[in-house]
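J.: when you get a sec, could you give me coordinates for this:
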Amino acid sequence: MTASLPTVVALIAGIVVCGTLGDLTLSRTMKQVGQARLQTWRDALGLAWRTLRAPGFYVGGGCMAGAFVALLAALSIAPVSLVEPATSVSFVLNTLGARFILKERVNRTRWVGTLLVTGGAYLLFF
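T.: Presented below is the predicted three-dimensional model:
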């Protein structure tokens with residue numbers, strides 16, 4: 001690792017926060033845009049047009065772009081074997097956001113799966 005630990009931690013936090021905000025914003029936006037039938041090209045173009053007119057599309061896309069830039073910066077100064085497992089906390093934050101912000105139903109099995117995946121990723125540190 002060539003950078004200081006606080007820098008790496010800040011970049012990983014940026015990846016997690018921006019990525020989670022982007023996922024939640026894009027999910028909410030696409031639910032507002034509506035379900036797509038996508039049986040014809042006209043249906044696909046209509047979905048694209050409705051998506052491009054939704055402000056949340058640009059907010060979510062901007063957050064995802066910020067997460068990607070932070071990921072690129074983190075990977076330039078820290079090993080991927082450190083960066084990728086550290087970002088797995090985003091699984092938990094996405095599930096919490098899905099439940100409490102998007103009001104999705106998250107059953108016990110999904111919670112256990114989320115925690116197992118996150119815990120498994122953290123085992124990669126050792």
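J.: mind listing what's buried along the strand or helix carrying residue 92?
T.: In this structure, residue 92 sits in helix 89-100 according to DSSP states H and E. With burial defined by 16 or more other Cβ atoms under 10 Å, the residues of helix 89-100 counted as buried are 89, 90, 91, 92, 93, 94, 95, 97, 98. The way it works is simple: take the backbone N, C-alpha and C, and place the C-beta from them, glycine included.
J.: tell me the secondary structure at the spatially closest residue to the fifth one that is not a sequence neighbour.
T.: Read it as residue 93. Once its chain neighbours are removed from consideration, residue 93 has its nearest residue in residue 20; the separation is 4.4 Å (Cβ to Cβ, 6 or more residues apart in numbering). At residue 20 the chain is in helix, as set by DSSP: H, G, I helix; E, B strand; the rest coil.
J.: and residue 20, how many neighbours?
T.: The burial count assigned to residue 20 is 22, neighbours taken as other Cβ atoms under 10 Å.
J.: the one 4 residues further on too?
T.: Other residues near residue 24 number 20, with proximity taken as other Cβ under 10 Å.
J.: equivalent analysis for residue 62, please.
T.: 14.
J.: tell me who's in contact with it.
T.: For residue 62, the residues meeting the contact criterion (Cβ atoms under 8 Å, 6 or more residues apart in numbering) are residue 22.
J.: could you check how far it is from residue 34?
T.: Taking Cβ to Cβ, to the nearest Å as the measure, residue 62 falls 22 Å from residue 34.
J.: go on, residue 40?
T.: Going from residue 40 to residue 34 by Cβ to Cβ gives 16 Å.
J.: per-residue pLDDT of the residue nearest to residue 93, please?
T.: Reported pLDDT at residue 20 in the predicted model: 97.
J.: wait, doesn't it sit right on residue 90?
T.: Yes: applying Cβ atoms under 8 Å, one finds residue 20 in contact with residue 90, separated by 5.2 Å.
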